[in-house]
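**Q** Would you be able to build a 3D model of this:
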Amino acid sequence: MLRFHFSAEDLARTRVAAAPHPLWEIAASLHRFQTPAGRWAYAAWYRTARERLREAGLENAVRRTLLPLYPRASYWPDFLTPLEGAYGLEAGLTAILATPPARVTAELAALARIRRIPPHLARLPEKGAREELVSVLRAYHRTVIEPHEEWMHEGVHTERVRLARHLLDGGTEGLLGGLGPTVRWRHPLLEIGAYPTEHDIRLEGRGLLLIPSYFCWKGPVSLADPTLPPVLIYSLHHEPPRAAPGSPSLEVLLGRARATVLRATAAGATTTEAAHRAGVTPATATHHTTALRDAGLITSHRHGNSVIHTLTLLGATMLSRNLRQDAEP
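**A** Alright, predicted model coming up:
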């Protein structure tokens, strides 16, 4: 179990990331290649990601460099997901390059205690080797993460809206109590069940940064080193959208364009984004979102100059059932 120990000061300093953390998304997406868990939810991404990696000539680099460094295990090096990544990919990659060699050595040694490290990765304390790693990470992000950034940002925005309601209704403790079924708030502890290790982090006035993640599946994750700035990465509450055609039943029921609009709202979508996904004009997309809203399948709320459409419980149930049928052999 993972436990965060809060003080009153920590409650005041708890916040939610404003955008996806690209390096945590890289880590979580690499885990999607290593397990069938949640594969149905990422089926379209998984298929196109493998194709894109092959076309970009990155398959070997992912297999030799990234997968050994990011095992789906109880530990992988903390220096690969620096806090600076919250300010963008390049800021995070710069932080990786700036990591003291002694820290890289120590974290690789910790990884070696649970997984065999290929000999060429033992050179990572050297800046030249890390420059090569950063080059691979940048290419991987450009190839398989960047094409999904629009949906990742919409998902994080929708999650922030959801958590804002918890915050307004119940304060910070209400927010912490609404993070998902595996997370439990029992003052002054935030407990994450089914964690791979027994781990206690005393916040000691530093607060906690909550980072909703598109590619994280089910179990939340934190850094292993309790002296680093505290973060908790957890799965978005909305189903990831799928670009692939759905089962015939949904399209027969709603029509192709309207079914596509419904899928687009799974992670939150503006009218313009839904129109782009469905290949229709914004005016036509508005007609479809109105019909879906009248049917109780989506809800809409204004954010600035845009209207964000998200699934209702009924809409999520319909889409989830359709996706499960699609995934069956």
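**Q** Quick check: buried residues in the longest helix seen in the chain?
**A** Secondary structure assigned by DSSP state H gives helix 149-176 as the longest helix of the chain. For helix 149-176, a neighbour-count test (16 or more other C-beta atoms under 10 Å) marks 150-160, 162-163, 166-167, 172-173, 175-176 as buried. Any C-beta I mention is one placed from the backbone N, CA and C, and that applies to glycine too.
**Q** do the same with stretch 62-77
**A** Under 16+ other C-beta under 10 Å, the buried positions of stretch 62-77 are Val62, Thr65, Leu66, Pro68, Leu69, Tyr70, Arg72, Trp76, Pro77.
**Q** How about stretch 255-272?
**A** Buried-residue list, stretch 255-272, by 16+ other C-beta under 10 Å: 257-271.
**Q** Please apply the same query to stretch 44-62.
**A** By 16+ other C-beta under 10 Å, the buried positions in stretch 44-62 come out as Ala44, Trp45, Tyr46, Ala49, Arg52, Leu53, Leu58, Ala61, Val62.
**Q** Can you tell me which of those is closest to Phe6?
**A** Trp45 (35.2 Å; C-beta to C-beta).
**Q** which element is that closest one on?
**A** Under the criterion of DSSP states H and E, Trp45 resides in helix 43-55.
**Q** Run through the neighbouring helices and strands of that helix.
**A** Using 3 or more C-beta pairs under 8 Å, 6 or more residues apart in numbering; DSSP states H and E as the contact test, the elements touching helix 43-55 are helix 22-32.
**Q** hmm, back to that, of the buried residues of stretch 255-272, which belong to strands?
**A** Ala269, Thr270 (DSSP state E).
**Q** where's the dip in pLDDT among the buried residues of stretch 255-272?
**A** Lowest pLDDT among those: Ala267, with 68.
**Q** one step back: could you identify the most distant pair in the buried residues of stretch 62-77?
**A** Val62 and Pro77 (16.9 Å).
**Q** Residue ranges of each domain in this protein, please.
**A** 2-17+155-235, 22-147, 248-327 (automatic domain parsing).
**Q** Which of the helices and strands in the protein ranks last by mean pLDDT?
**A** Least confident helix or strand of the chain, by mean pLDDT, DSSP states H and E, is helix 313-327 with a mean of 67.
**Q** for the stretch 1-150 of the chain, what spans make up the strands?
**A** Assigned by DSSP state E, counting those that start in this stretch, the stretch 1-150 of the chain shows strands spanning 2-5, 15-16.
**Q** Rebuild those strands as TSV, extending it with mean pLDDT, distance to Ile192 and mean neighbour count.
**A** Converted to TSV, these look like this (pLDDT from 0 to 100; distance: least, C-beta to C-beta, whole Å; neighbours: other C-beta atoms under 10 Å):
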stretch	mean pLDDT	distance to Ile192	mean neighbour count
strand 2-5	96	4	19
strand 15-16	95	16	14
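**Q** Count residues in the vicinity of the residue nearest to Arg103 when sequence neighbours are not counted, would you?
**A** Distance criterion C-beta to C-beta, 6 or more residues apart in numbering; nearest residue to Arg103, sequence neighbours excluded, is Phe79 at 6.1 Å. Phe79 has 21 neighbours, counted by other C-beta atoms under 10 Å.
**Q** quick one: contacts of stretch 51-60?
**A** Contact partners of stretch 51-60, identified using C-beta atoms under 8 Å, 6 or more residues apart in numbering, comprise Val62, Val136, Ala139, Tyr140, Thr143, Val144, Pro147.
**Q** swap the cut-off to 7 Å and go again
**A** Applying C-beta atoms under 7 Å, 6 or more residues apart in numbering, the contact partners of stretch 51-60 are Val62, Ala139, Tyr140, Thr143, Val144.
**Q** same question, stretch 273-284
**A** So stretch 273-284 is contacted by Glu150, Ala257, Thr260, Val261, Ala264, Thr265, Thr271, Thr272, Ala285, Thr289, His309 (C-beta under 7 Å, 6+ apart).
**Q** residues of that stretch that come out buried?
**A** Applying 16+ other C-beta under 10 Å to stretch 273-284 flags Glu273, Ala274, Ala275, Arg277, Ala278, Val280, Thr284 as buried.
**Q** Quick check: helices, which of those are part of them?
**A** Glu273, Ala274, Ala275, Arg277, Ala278, Thr284.
**Q** Quick check: phi and psi at the nearest residue to Ala27 once chain neighbours are set aside.
**A** What sits nearest to Ala27 in space, not counting adjacent residues and going by C-beta to C-beta, 6+ apart, is Tyr70, at 5.1 Å. Phi and psi for Tyr70, reported as degrees, to the nearest 10, are phi -120, psi 60.
**Q** Gly279 too?
**A** Torsion angles, degrees, to the nearest 10, at Gly279: phi 70, psi 40.
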